[in-house]
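A.B. asks: Return atomic coordinates for the entry below.
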Amino acid sequence: MSKLYGDHKRSKDAAPMAFEAFSFGSIRINGTSYEHDVVIDRGTIRKRDKKPSKKFREDFGHTPLSAEERIPWKCHRLVVGTGGGALPVMKELKQEARRREVELIVVPTEEAIRILKEGSKDTNAILHVTC
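C.D. replies: The predicted model follows:
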């Protein structure tokens, strides 16, 4: 997994993310509060679009994270925060991460935030904040 991907490098000028608060249903990053799941893609924050994964909800009892969503793959490491552990991550997504040689870290959101605070260079994230 030591292969380098030139298009995956984060700009040296990119400011680090400031994770200021997290509680059930809310996360504050860089002074902005979000009351929905967020995707961090090379320093840009957007709302997670769960619609492509909703068809799998019955199988998991919760809308899972699937490879059919817009996953921020342009990185070497993808951190998935599962809320308190409730967000299922489908095996197809895990297989796709291996295929792309992206290190996939799946942990509760509080731990994901700690990992991101330690150093998020060339790391993208999907953070579940609602349960």
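A.B. asks: can you list the weak-confidence ranges in the chain?
C.D. replies: In the predicted model of the chain, residues 1-15, 120 satisfy pLDDT under 70.
A.B. asks: what about the helices in the chain?
C.D. replies: 57-60, 91-100, 109-118 (DSSP state H).
A.B. asks: With distance to Lys50 and mean neighbour count as new columns, can those helices be given to me in TSV?
C.D. replies: C-beta coordinates here come from the backbone N, C-alpha and C atoms, glycine included. Listed next are the helices of the chain as TSV, based on distance: least, Cβ to Cβ, whole Å; neighbours: other Cβ atoms under 10 Å:
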stretch	distance to Lys50	mean neighbour count
helix 57-60	9	12
helix 91-100	13	15
helix 109-118	15	17
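A.B. asks: Out of these, which gets nearest to Asn30?
C.D. replies: When the helices of the chain are compared by Cβ to Cβ, helix 109-118 sits nearest Asn30, at 12.2 Å.
A.B. asks: separation between the residue lying farthest from the centre of the chain and Thr82?
C.D. replies: Ranked by distance from the centre of the chain (Cα atoms, centre = their mean), the top residue is Glu58, with 22.4 Å. With distances taken as Cβ to Cβ, to the nearest Å, Glu58 is found 19 Å from Thr82.
A.B. asks: Tell me how many other residues crowd the nearest residue to Ile45 once chain neighbours are set aside.
C.D. replies: What sits nearest to Ile45 in space, not counting adjacent residues and going by Cβ to Cβ, 6 or more residues apart in numbering, is Val38, at 5.5 Å. By other Cβ atoms under 10 Å, the residues close to Val38 number 20.
A.B. asks: now do the one 3 residues further on
C.D. replies: Neighbourhood size, Asp41 [other Cβ under 10 Å]: 18.
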